[in-house]
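Participant: when you get a sec, could you give me coordinates for this:
(chains A and B)
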Amino acid sequence: MDEMGPIINEFLTESYENLDQLDQDLVELEANPDETSLLASIFRTIHTIKGTCGFLGFSKLESIAHVGENLLSRLRDGEMKMTPQIANALLAMVDAVRQILSCIENDRAEGDVDYSKLIEVLHKLNNGETVDEIPSLSGNDGEVAVPAEPPAAEQSNGNASDGPAETAVVEATPETTPEPVAAEPTAPVAPDATATPDAPVATDKKLSAGESSIRVDVVLLDQLMNLVGELVLSRNQIIQFASSEKDSSFLTTTQHLNQLTSELQEGVMKTRMQQIGNIWSKYPRVVRDLTQSIGKKVRLEMEGKETELDKTLIEAIKDPLMHMVRNSVDHGIEMPDTRVANGKEPEGVLSLRAYHEGGQVNIEINDDGGGIHPEKIKQKAIQKNIITAERAEKMSDRELVNLVFAPGFSTAEQVSNISGRGVGMDVVRTNIEKIGGSVDINSVVGKGTSLKIKIPLTLAIIPALTITCKGSRFCIPQVSLLELVRLDPERAEKEVEMIQGSPVYRLRGNLLPLIYLSTELGFPGAPVREGESVNIVILQADNKQFGLVVEKILDTEEIVVKPLGNQLKGITAYSGATIMGDGKVALILDVMGLAQNAHVITEESRSSGAGSHSDASDESINDRQTLLVFEINDGGRMAVPLSLVARLEEFQWEDVELSAQKEVVQYRGDIMPLIHLSKFFDPMSAQEKTGSLPTIVYCDRGRNVGVVVERIIDIVEEAIEVKTGTGRKGTVGSAVVQGKVTDMVDVKGIILEADPSFYAGVEEEKLLVAATEGDN
Amino acid sequence: MNEEKQFCTFTLDGHCFGVNVLDVQEVFRYQEMTAVPLAPDTITGLINLRGQIITAIDLRRLMKLNDRDAEEMPMNIVVRTKEDVVSLLVDEIGDVQEVPENLYEPPPDNLHGPLRELVQGVYKLPEKLLLILDTEKVVGEPAEA
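Facilitator: Now for the predicted structure:
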């Protein structure tokens, strides 16, 4: 048998692939029984398996495939109609085939499970008789057992409700056994003979399609990936070297090398990409089996199957995704009568959506089920000692909903065999976070639940920010990076405040804990030198924000992540290392590890803080606006939508020049008029012509206007309601922003007032402050 | 019993050591490396060896010998172990020596300290003693060592 090994392996891989397709086709076929092309494809698959296993001498497998094929051929030729019963029988057959295949894979033998009952049932169906029980596979081992059981369980209610009118119910007695098996080879079904000639032709066609791709060992791909990474580094070095060379043919070659390397890198990256549809293809079957066994009706919708991501990531999200899909069907979508009672369609909708966004892959799982009751979660969490009652009282609904990710939490009132064993969502979250992703849950009671997973495209090459600390370079993965803040020495002294020795910084009104990287890495000496500006990298770990104070911020670049040796794996501050453009090694900081080392996040805050950050996006984004809030001379608070602001600048009074009696500054090679907002609102107001001018630069069709304000206060994202109250000239109304009355500035009006020619030549350009539209 | 084994020899603070030549991937001169803050002081840093990042372990530190003088540049011996590839920093690299198996003896009982753990055995060569390093132990030494 040994020389047959490779052939058998190939047979196994091919068959497994075919079976996955088969599951999907069968379920689809049940919905559209008249789709002959589907039937033909199913038939071909089974036929191929039968043919190959006959050749390899797996007689048991062959006999099962054979009866299945007979039944399928009659269906295909229109001699029989697809019924749920036949579908179940065929699915049971697929399971049997799968089971035997796994036996073959493990010990090169077909195993000793008796399938005669199943064969008999298939026979009976083939002869147009009806059976009332599809045998489930006994002695199954784990994996096969789960999908195999539901069809059997379904029989009881499936027959009663949507089964066809049954004329002859024949008891499938398990005792009358081997006869069908023996009879089977000599039981030729007429259409089979006529059907076969065209089937192999079709099979051949499929094979030739298969020839256009080859299977490659993943290890080989990984090696290629490494080599390409190396090539990229060598290329970078050569480019550096070439910049000081004058030989033109050398420069041309370098450029060529540069291009080829980039293309090669892209190509190799692509070989590792797989469509997410590969793992989704199993879901129709899973959902079907599940819904049948628990008596629900669910329609599965999938969008973005062709979204690609790295193979290792596909592997990593496979199980969590499956878990979430099962959860949604089991707990999310209600029973048909409950749904009807709530005024919904009896059939629930579970939709999967995958798409690329900003270098990440987003996967959404939405159901239109009952949603999650925060109240129930609260009670459950208190009962299971996940949180204390006092804390629960203080938590928002969203925070409560996020408790489903807490370890040991299961919401199902009844623990079913499908899900609800309490090891679910926390494992899901851990697995997704392990690969640098995040998962977020959003639920509206009565409307449904939506889970959103964000994962990086690939793990091998990631964008990262390079920073220095005491002269050494470190990389911070871009995914954890929120923003960068630089404080001048004077400001740093004032604005980095201490609470019991712990530094904090007020970031737009919120306290941000600070960590000094040099302290965390154990460098001796003061973390920040006197009289130097402070660079803060604002990071997010586990929904908590904190600021990492570094020495210098260098650049962002794509880095190839390499693992650290065993001796260094224990140091939680690093997640790996990489080789920089100059060939030197730099360590990659583990944001989560740093945060934990510095006690910025703790196990406790992990569960409680889960919702706090994302709270801001809780309300629907539509009625929220990002506003720039500022102050003018008389202390009035004003705001403009941030979308209208091109830049914020600070000019010095010395820079201000006069042109046609108007104040202007030179700005980016242009002359930009300045409008003093304080003067605009109160022409009498006194002005000190010294110091700096905080300016909001407003840009329209290449022309800039600077609006000078007294002080920029903050950028806030808030749902606002503009009231046309004060009627002050140059404003469109007032709103409550951050709990204070704030005038909404009419930028266009003010510019027109100050420079009536600014919009000259442009008819009715919509430049109104967004808020006015909401107001009308 | 008179089989011969080949050892790559090197010196450390006057002692002569050997590692099985089959475990040695390559030998190269000192090269600049990236220090790893928070790492135990036996780990000198990380080296880019043609795209592979390997950890450099200072054997002098590991064996609690005196540090070498600042101007003395160590040599790298890259050894493969079961799980990892590491670079061992040594003073000087010697020849590859073939030694007859019958000169082997387990480490003497009066050998104490860190060496006791790290030395597999001793070959009694006519002119000197060749201490055989157990590379698995070197790599497996807990990080706190």
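
Participant: just give me the longest helix of chain A.
Facilitator: Longest helix in chain A by number of residues (criterion: DSSP state H): helix A:5-31.

Participant: and that one, which residues are buried?
Facilitator: Residues of helix A:5-31 classed as buried: A:8, A:11, A:14-15, A:18-20, A:22-27, A:29-30 (neighbour count, 16 or more other Cβ atoms under 10 Å in any protein chain shown). Placement of C-beta: from N, CA and C, glycine included.

Participant: so which of the residues you listed are also by chain B?
Facilitator: Subset of these in contact with chain B: empty, counting by Cβ under 8 Å from any Cβ of the partner chain.

Participant: next SSE after the longest helix of chain A?
Facilitator: Per DSSP states H and E, the first helix or strand lying C-terminal to helix A:5-31 is helix A:36-56.

Participant: quick one on the thing from earlier: and the buried residues of helix A:5-31, which two are the farthest apart?
Facilitator: Largest separation among these by Cβ to Cβ: A:I8 and A:E30, giving 32.1 Å.

Participant: quick one: A:E69 from A:V97, how far?
Facilitator: Look at A:E69 and A:V97: by Cβ to Cβ, to the nearest Å, they are 11 Å apart.

Participant: looking at these two now, which is surrounded by more residues?
Facilitator: The residue with more neighbours, out of A:E69 and A:V97, is A:E69; 28 against 24, by other Cβ atoms under 10 Å in any protein chain shown.

Participant: name the element the more buried one belongs to?
Facilitator: Secondary-structure assignment from DSSP H and E places A:E69 in helix A:59-76.

Participant: wait, a helix at A:N226?
Facilitator: Yes. Counting by DSSP: H, G, I helix; E, B strand; the rest coil, A:N226 is located in a helix.

Participant: and the closest residue to it other than its chain neighbours, what pLDDT?
Facilitator: Leaving aside its chain neighbours, A:N226 sits nearest to B:G51 (6.4 Å; criterion: Cβ to Cβ, 6 or more residues apart in numbering or on different chains). We note a pLDDT of 73 for B:G51 in this prediction.

Participant: any idea how far A:E69 lies from A:F55?
Facilitator: When A:E69 is compared with A:F55 (using Cβ to Cβ), they lie 15 Å apart.

Participant: before we move on, what about A:I100?
Facilitator: According to Cβ to Cβ, A:I100 and A:F55 sit 15 Å apart.

Participant: settle it for me: which of the two has more neighbours?
Facilitator: More crowded of A:I100 and A:F55, by other Cβ under 10 Å: A:I100, with 25 against 11.

Participant: what strand or helix carries the more buried one?
Facilitator: Assigned by DSSP H and E, A:I100 belongs to helix A:84-107.

Participant: what of A:P694?
Facilitator: A:P694 is part of strand A:692-700, with elements assigned from DSSP H and E.

Participant: and that strand, what's buried?
Facilitator: Of all the residues in strand A:692-700, those buried under the rule 16+ other Cβ under 10 Å are A:693-698, A:700.

Participant: quick one: distance of that strand to the chain centre.
Facilitator: Computed by Cα atoms, centre = their mean, to the nearest Å, the chain-centroid distance of strand A:692-700 equals 38 Å.

Participant: can you tell me the strand partners of it and which way each runs?
Facilitator: strand A:647-652 (antiparallel), strand A:703-708 (antiparallel) (DSSP bridges).

Participant: excluding sequence neighbours, find me the nearest residue to residue 32.
Facilitator: I'll assume chain A. Spatial nearest neighbour of A:N32, chain neighbours left out: A:L38 (7.2 Å); criterion: Cβ to Cβ, 6+ apart.

Participant: switch to chain B, that's the one I care about
Facilitator: Nearest residue to B:E32, sequence neighbours excluded (Cβ to Cβ, 6+ apart): A:K584, at 7.2 Å.

Participant: against B:I57, how distant is that neighbour?
Facilitator: Distance, A:K584 to B:I57, using Cβ to Cβ: 19 Å.

Participant: got a list of what residue 24 touches?
Facilitator: Defaulting to chain A. A:281-282, A:284-285 (Cβ atoms under 8 Å, 6 or more residues apart in numbering or on different chains).

Participant: that's the wrong chain, I wanted chain B
Facilitator: Here B:V24 is in contact with B:8, B:77-80 (criterion: Cβ under 8 Å, 6+ apart).
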